[in-house]
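*Asks:* Give the three-dimensional model of this entry:
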Amino acid sequence: MHVASIVLAFSLATYDPLAGDLARFPPPEVVSANWEFNRAHGVWLEERFSQPYYLNWWQENFNLGRTWELLVVAQAKNLGVEKREDALMELLGTTNFYLARMPPPSPIWRFFDYPPPELP
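*Replies:* Residues are numbered from 1 along each chain as shown. Now for the predicted structure:
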């Protein structure tokens, strides 16, 4: 009986109720890489604020980055389940959450819509 109690306690301690939901999304390594790419692209855009069309591009990039940041929060097992679950729902909305749809890490459609930046 004592051994069974220890095994049960260990099983409950490592149980993650969000594991099934999170398994549908990219793994933490991919999520972190996408978030880092988004932040680096944001810095690149901030350096071009003197050109007005980059402001909208930056805002789109910021919003996409927030989505990836919330997935980072949801995958952080050191946070409470309720906070992580809220982050997941805020992340995409109900439909996209259940389909595990993630947007691109940055507004890649902008790479085709705008002229390349001027070289220094």
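*Asks:* For the most centrally placed residue in the chain, give me the pLDDT.
*Replies:* When C-alpha atoms, centre = their mean is applied to the chain, the residue found nearest the centroid is residue 68 (1.7 Å). We note a pLDDT of 92 for residue 68 in this prediction.
*Asks:* element containing it, please.
*Replies:* Element membership for residue 68, per DSSP states H and E: helix 53-75.
*Asks:* Spit out the contact partners of residue 104.
*Replies:* If you count contacts by C-beta atoms under 8 Å, 6 or more residues apart in numbering, residue 104 has them with residue 64. Every C-beta, even on glycine, is put in place using the N, C-alpha and C of the backbone.
*Asks:* Residue 47 versus that one, what's the distance?
*Replies:* Noted for residue 104: a distance of 21 Å to residue 47, by C-beta to C-beta, to the nearest Å.
*Asks:* Same check on residue 57?
*Replies:* With C-beta to C-beta as the criterion, residue 57 and residue 47 are 12 Å apart.
*Asks:* Need phi/psi at the nearest residue to residue 60 once chain neighbours are set aside.
*Replies:* Spatially, and ignoring its direct neighbours in sequence, residue 60 is nearest to residue 107 (4.2 Å; C-beta to C-beta, 6 or more residues apart in numbering). Torsion angles at residue 107 (phi, psi; degrees, to the nearest 10) stand at phi -70, psi 80.
*Asks:* Kindly report the same for residue 24.
*Replies:* phi -80, psi -20.
*Asks:* going on from the helix or strand of the chain with the lowest mean pLDDT, what's the next piece of helix or strand?
*Replies:* The element with the least model confidence among the helices and strands of the chain, by mean pLDDT, DSSP states H and E, is helix 2-14, at a mean of 53. Following helix 2-14 in sequence order, the next helix or strand is helix 19-22 (DSSP H and E).
*Asks:* Show residues contacting the helix or strand just after that next one.
*Replies:* Following helix 19-22 in sequence order, the next helix or strand is helix 28-46 (DSSP H and E). By C-beta under 8 Å, 6+ apart, the residues outside helix 28-46 that reach it are 25-26, 54, 57-58, 61-62, 64-65, 68-69, 71-72, 75, 105-106.
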